[in-house]
Structure formats: structure tokens, C-alpha cells
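Trainee: Got a sequence here, can you model it:
(chains A and B)
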Amino acid sequence: MSAIPSQIVAVKLPARPFSWRRVATEAKLLLIGIPVLIWTMIPIYHLVLFAISPKESALSGKMWPDHPTLHNFSVVFHQQHHYLFHFWQQMWNSLLIAVAAGALTLLIATGAAFSISRLKVRGGRAIMNLALFTYFIPAAFLAVPMYKTMGNYGLLNNQWALILAMVTIASPYAIWVLKQASDKLPYELDEAAIMDGATPLQLFRLVYVPLMMPSLVAVGTYALLLTWNEYLYAFLLLSRDDSITLGVALGNFLSADDSPWELLMTTGLLYALPPAAIYYCFKRYMVSGLTEGAVKS
Amino acid sequence: MASVSIQQTQKYFGQTHIIKGVSIDIADGEFCVLVGPSGCGKSTLLRMIAGLEEISGGQISIGGKVVNNMPPKERDIAMVFQNYALYPHMTVRDNMAFSLMLAKREKSVIDERVGKAAGILGLNQLLDRYPRQLSGGQRQRVAMGRAIVRDPQVFLFDEPLSNLDAKLRVQMRTEIKELHQRLKTTSIYVTHDQIEAMTMADKIVVMRDGLVEQIGTPLELYDNPANQFVAGFIGSPSMNFLPGTVMRSGGNVGVQLSDGVVLQMPSGTAGADGQKVIFGTRPEHVELVGGSEGVAAEVVVVEPTGADTQVYSKISGTEVTTIFRERHDFKPGSTIRLRPDPTRAHLFDAANGNRLAA
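Mentor: Numbering: from 1, shown residues only, chains lettered A, B, ... in the order given. Below you'll find the model as predicted:
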């Protein structure tokens, strides 16, 4: 608290531009911020370093390669290594599965949140509690039962198996988040729409979904990225080289005695790009204050 | 336009009895105000008429049709909410057109109706704005516009002005009344503000604890309150109540206050000799007298408002509010003499609060 008044004084009196206290506050923030930044950036720096180094100097330990090259990218793009024969297919698999799991999770969670929070269906609380209960058991413990279940349905080695498994894992959290967000929408809006003659489906489509957009984008992105980054379930449920995700394919690099590190890291770098792109695309939708002006608070 | 008939209506929330058998008849084109303290059930009753709450017992009909089991959209009514409830992601135009769009009306019809309603409410310049870009008064006007475009049989208003500041509230009050005079649509208006009720209503329904205390025109309620509750609720500042006893000797009737002062009453006054009563007098029906007339009152606070002077004083320990057109500068603690106009006084049975019939 004590730092705030001094800042106000500094703003009000431009004649006193220098304040040790302000410098100290800034310095403290920088002191924490810079190491955290470096700590975060070092692995990425190494990833890039590997990706632009020729094979022979990849492990030289230099801070910058003597002859930086984009050759590794060319190898990956043209699938010129036996670990990379299905690179584009696997990238596509990852994307397809992640988008499908994200969309399906969103569909289920939005429907559940709308029914529980807005239509106030019977047993809504029980469903919420059950959803929370699923997280009492770590997802890794459920991998084998899930494998068995998918086997029973004849879905092993089918990409639907992974999509459904990821929807199962992501949905409970998604339902919770969306339920909480739904509860914050003023109920009068529903009543106004009902008075205007809206059916529950029209209420959902024309009032609820538009107003929930920021939360929907956040939850959809969460489910998408969760699936994109999933390894264990993808490894267990899919095994054909042309049906696995890129994440699993990256893991396969490590099965060789002399792994092509520079190619692994190049592929890894490429694998990290779509999530970053997705995040930046959807970031602008994750705005708050969308319901401003709806009701007097 | 239609009449609304509420017969022996009941509402339970679980075990709690909210509406305990209410019957109200509202004529076609009438502006009816439901008024009462918070928790009296007025909003619940309105929501039952709207169809947002189920009816536990009794019957509600609109335009002669029983609507007990009819969903809101079939009742042909429109509602204005306390906190506007505008769709924040839609423009003013879309907010107003929403119901017509749901009803799949033709675009030309929608445009015409929205344009007409916007004209009535002075919203023409704001049609492409979003609710967040509007002031409180403008938002409330859009909420009314949304009701008007539907041309419903009945308008329902749920405390529509209570979120506005005092000045705007007075202005909107007039606007709503003007609107009603123009459209002549049957309106049911809920408020806890008795001034809103007095100024706007053709008919006021005073409610308390889920029951109707009195139904009547504003002036009927003001001049002949059925009981002490209505007398105290209607009118501002509210009526003064002094406990007393009826004294009859020969043809003379008086009310003796607790400290022995006797107020003379007109000869037709009801009440048996010795009956405990509450003597009610409105602040503007008390005059300042000199000499030994009236009763002594000790001045507590003097509030000049410019137009008149409100004097708070104590008669026999009971606080009394008086309004004088003249300007007075009494010192707190000084003694003045007040005489309530006996012809305009009200007597209530001290036991049950009911008005003593003349």
C-alpha cells in the first residue's frame, strides 16, 4: 500500500521526476522477471539452436553454430528420414484429433453447463459432483482401463479412440468452468428472452452462446491444447505409423541408439508452432466485459 | 388490449406461503400499480401474471382466457424488467426486433414497428448502438421499446425506475404515464415507491404479507385508507399516528391523548366511549395555533425546503411531522401549539388497525 501513494504524488508533481522508491519497486520486479524470463527461454533457445545446427555440430555446446543452416527443416518438410516418413500425415493427425476433441468437448460442456446452470435441470448438482469426482483418480491410472474399454468397442488403432478418450478427460473441467461462467450471466436475460417468445434452443443459440463466447473460446482452446500435447493415451490407443500423432512420433525418435537430435528438435519446434498460432488467433476473443450494459449491476 | 382478472391466487415456494389468496380485477386499458413494502409478494404476483412463476392456486385470466397453464409467449404480454435485461450483444434495433424476429414476422413489418416504437421513445438516433453505449435512462427506454414493438395486450413493469437516479426517475415516470395515455394498453406496474403509485396509477393495489390491504384510486386511498397500514404507507411524509381513547359526553366526541389532552372531534365520529384508538392526521392537515388552543408540541427539527417548511415535533412523546406553507423559524426545543383538523382526521381501532366506520 505504501508504494501507491508515492506513485500518485510522483504523477501529480512532475517537478519531482525521480523517486528512489519507484526505482526500487521497478528493480524488484525486474529482479524477479529477468531470471524467470531467462529460465523460460533457455529450453526454447536450445530448441532453436539444435534446429539450425548441422548434424555434426549439433552437440558442440557452442552458443551459436558456426554455420547456421535451414537444412534440417528441408529434411523434415521433405520427409527425408525414416523417422519422418509420415511427418505431414502425423501433423495432420494431431491437428484433426485436437480440433475434433476440442469441438466435441465444447459441445458437450456447453450443453451440460446450459442445462445445469440456465435450465436448472434436476440432478444438475449430482452431475457437477460426479464431474469433479473423475479428477480424484489421476488420468494415468485410467489409461489401461480406457485401453480395455476402447478394445471392447473395437476402436483400438482408430483415431476416434483418442478423440473420445480426450473428450472424457477434458469434459469435466470444461463443464465446471462453463457452469461457473454461466452462473454469472444475469438470469433476467433468460427471462426477457422467454417473455420475447424464445424456446430453450433459441435462448441457447441467440442469447447464451454469443454471451459465453469468451469462456467458450478459452475452454475450447484448453481442450484442443490438452489433446495436442497428450502423449500417454495417444501412445497406447494408436500404433500404426500413419495414424499416430506427431507427439508420439517424436517419442519414437528416442528408440534409436544414435538419435538424430537436430531433426528431433526441428520437428519439435514445428510441433510447437500450431498451438502458439491457435493461442494468438483466439486470444482476442478471450475478452471480458462482454455482458456490460445488459443489466444494471 | 385486455382486462386482467386475478381470482383467489395462491403461491407457495416450498412450504413458504407467499401469495395468500389475492383477487384483483383490472379493467381494459387501466394502469394498475401494485405497491407495498419489499417482501409483500407484489413482484411474485407480477411474475405469475407473466408466466415466469407457476400459479399454486386460484386463477389468472387475461382477456377472458385463463392463462394458468399457458407459457409466457402465448399470453400476449410484454414485460419491462427492473435492471433492463437488454441483450448486450445486440444493437438497440436488434434488441427491439428480437421478439418479432422470433415470431418470424416479415422484415418490412419488423422495420416499421421498430421505427414506430423508436419514434415514440425518441430512440431513432440510437438504433445502431449497443446497450453498453447507452445511459441508464436510454437503456430503460430501449427496454420499454422492446415491449412496445410487440403491441401486447398487457404491459408488465417490474420496478422499472428503481435503478435510475432521482431526477431521471421523475422524468421517466412522466414518460411512462404519457406513453400509457397514448397507447392505452392495460398496464400492471410494480413498485415499492408510493409516490410512483400515486402519480401514475388509475388503480392502486396496496399489498402486505401476500395479501391485498386495499384497492382503490390514488385519492380514495389517500382520503379513506382502510387501515392504519395503508394510511401510513400512502402519502409522503407519512401520516402521524397518536394513540388515544374515545371520550363521549352528551353530544361531544373527543379523543384523549396519552397525556390527557383532549382533541375535539366532529359529532359523527365513530367509536365507543373508552375505546382505544389510533388518531391519524396527515402532516398538511395540522395547523399552527396560538394561545391555549390545540396541543403543545416540542420542536425537534425544522427542515425548510423552500416551497414549504417541515417541522418535526413531539406531542406527548410521539413524534409528529407537520408541513406548513409559510416559513417558520422555530428553535429546536421551543414549544409550539398545533391543532389537527378534526374533519380530516382518521380514527383506527387500536386493537386491529382497521378504520373506524363513521
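Trainee: so how far is A:Arg21 from A:Ala27?
Mentor: 10 Å (Cβ to Cβ, to the nearest Å). For glycine as for every other residue, the C-beta is placed from the backbone atoms N, C-alpha and C.
Trainee: How is chain A partitioned into domains?
Mentor: A:1-50, A:85-283 (automatic domain parsing).
Trainee: can you list the weak-confidence ranges in chain B?
Mentor: Within chain B, the stretches with pLDDT under 70 are B:358.
Trainee: Can you say which helix or strand has the residue nearest the centre of it in it?
Mentor: In chain B, the centroid-proximal residue (Cα atoms, centre = their mean) is B:Ala197; its distance is 3.1 Å. Element membership for B:Ala197, per DSSP states H and E: helix B:194-200.
Trainee: buried residues in that helix?
Mentor: B:Gln194, B:Glu196, B:Ala197, B:Met198, B:Met200 (16 or more other Cβ atoms under 10 Å in any protein chain shown).
Trainee: Could I get the CA-only coordinates of whichever helix or strand comes after that helix as PDB?
Mentor: Sequence-wise, the next helix or strand downstream of helix B:194-200 (DSSP H and E) is strand B:203-208. The C-alpha coordinates for strand B:203-208 follow below in PDB (Å, rounded to 0.1, in the frame of the first residue of the first chain):
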ATOM      1  CA  LYS B 203     -55.900   2.000  -9.600                       C
ATOM      2  CA  ILE B 204     -53.600   1.200  -6.700                       C
ATOM      3  CA  VAL B 205     -53.400  -2.200  -5.000                       C
ATOM      4  CA  VAL B 206     -51.700  -2.000  -1.600                       C
ATOM      5  CA  MET B 207     -50.200  -5.300  -0.600                       C
ATOM      6  CA  ARG B 208     -48.700  -6.600   2.600                       C
END
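Trainee: what angle separates the next helix or strand after strand B:203-208 from strand B:203-208?
Mentor: Counting by DSSP H and E, the element after strand B:203-208 in chain order, helix or strand, is strand B:211-216. Angle, strand B:211-216 to strand B:203-208, by axes from the mean of the first three to the mean of the last three Cα atoms, to 10 degrees: 160 degrees.
Trainee: Can you tell me which helices and strands strand B:211-216 packs against?
Mentor: Contact here means 3 or more Cβ pairs under 8 Å, 6 or more residues apart in numbering or on different chains; DSSP states H and E; on that basis strand B:211-216 packs against strand B:16-26, strand B:203-208, helix B:228-233.
Trainee: other SSEs contacting the second one?
Mentor: It stands for strand B:203-208. strand B:16-26, strand B:31-35, strand B:211-216, helix B:218-223, helix B:228-233.
Trainee: which of those sits most buried?
Mentor: strand B:31-35 (a mean of 25; mean count of other Cβ atoms under 10 Å in any protein chain shown).
Trainee: what angle separates that strand from strand B:16-26?
Mentor: 160 degrees.
Trainee: hey, C-alpha coordinates of strand B:31-35 in PDB?
Mentor: Extracted in PDB, the C-alpha atoms of strand B:31-35 (Å, rounded to 0.1, in the frame of the first residue of the first chain):
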ATOM      1  CA  PHE B  31     -53.000   1.500 -15.300                       C
ATOM      2  CA  CYS B  32     -52.800  -0.600 -12.200                       C
ATOM      3  CA  VAL B  33     -50.000  -0.200  -9.700                       C
ATOM      4  CA  LEU B  34     -49.100  -3.000  -7.200                       C
ATOM      5  CA  VAL B  35     -47.400  -1.300  -4.300                       C
END
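Trainee: Paired strands for that strand, with orientation please.
Mentor: Using DSSP bridges, the strands paired with strand B:31-35 are strand B:186-191 (parallel), strand B:203-208 (parallel).
Trainee: who touches that strand?
Mentor: The contact list for strand B:31-35 (Cβ atoms under 8 Å, 6 or more residues apart in numbering or on different chains) reads B:4, B:24, B:26, B:42, B:45-46, B:177, B:180, B:186-194, B:196-197, B:200-207, B:233.
Trainee: Stretch B:108-125 vs chain A: in contact?
Mentor: No: using Cβ under 8 Å from any Cβ of the partner chain, stretch B:108-125 stays clear of chain A, with a minimum separation of 12.9 Å.
Trainee: near chain A, which residues of chain B?
Mentor: So chain B meets chain A at B:50, B:52, B:72-73, B:77-79, B:81-89, B:98-99, B:102-103, B:130-134, B:136, B:139, B:146, B:150, B:163 (Cβ under 8 Å from any Cβ).
Trainee: hmm, try it at 7 Å
Mentor: B:50, B:52, B:72-73, B:78-79, B:81, B:83-89, B:98-99, B:102-103, B:130-132, B:134, B:136, B:163 (Cβ under 7 Å from any Cβ of the partner chain).
Trainee: Just the buried residues from those residues, in PyMOL please.
Mentor: Applying 16+ other Cβ under 10 Å to these leaves a buried subset, and the PyMOL line that selects it is:
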select buried, chain B and resi 50+52+72+73+78+79+81+83+84+85+86+87+88+89+98+99+102+130+131+134+136+163
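Trainee: Mark which of the residues of chain B next to chain A are part of strands, please.
Mentor: Here DSSP state E is the test, and the residues of chain B next to chain A give B:Ala78, B:Met79 as lying in strands.
Trainee: circling back to that earlier point, tabulate the helices and strands packed on strand B:211-216 in a markdown table, adding columns for distance to A:Glu188.
Mentor: As requested, these are arranged in a markdown table below (distance: least, Cβ to Cβ, whole Å):
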| stretch | distance to A:Glu188 |
| --- | --- |
| strand B:16-26 | 20 |
| strand B:203-208 | 22 |
| helix B:228-233 | 27 |
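Trainee: Ok, which of these comes nearest B:Asp329?
Mentor: helix B:228-233 (29.2 Å; Cβ to Cβ).
Trainee: Can you tell me what sits against whichever helix or strand comes after the closest one?
Mentor: Counting by DSSP H and E, the next helix or strand C-terminal to helix B:228-233 is strand B:240-249. For strand B:240-249, contacts defined as Cβ atoms under 7 Å, 6 or more residues apart in numbering or on different chains pick out B:228, B:253-258, B:262, B:271-281, B:283, B:315, B:318, B:320-321, B:350.
Trainee: In chain A, what helix or strand scores lowest on average pLDDT?
Mentor: Across the helices and strands of chain A, mean pLDDT, DSSP states H and E gives its lowest value to helix A:3-12, namely a mean of 40.
Trainee: on that earlier part again, deepest of the strands paired with strand B:31-35, which one?
Mentor: It is strand B:186-191: most buried of those by mean count of other Cβ under 10 Å, with a mean of 26.
Trainee: who touches that strand?
Mentor: Residues contacting strand B:186-191 (Cβ under 7 Å, 6+ apart): B:1-4, B:26, B:28-35, B:42-43, B:46, B:49, B:153-159, B:180, B:197, B:200.
Trainee: distance between the longest helix along chain A and the chain's centre?
Mentor: The single longest helix within chain A, with elements called by DSSP state H, is helix A:20-51. Centroid separation for helix A:20-51 versus its chain: 23 Å, with Cα atoms, centre = their mean, to the nearest Å.
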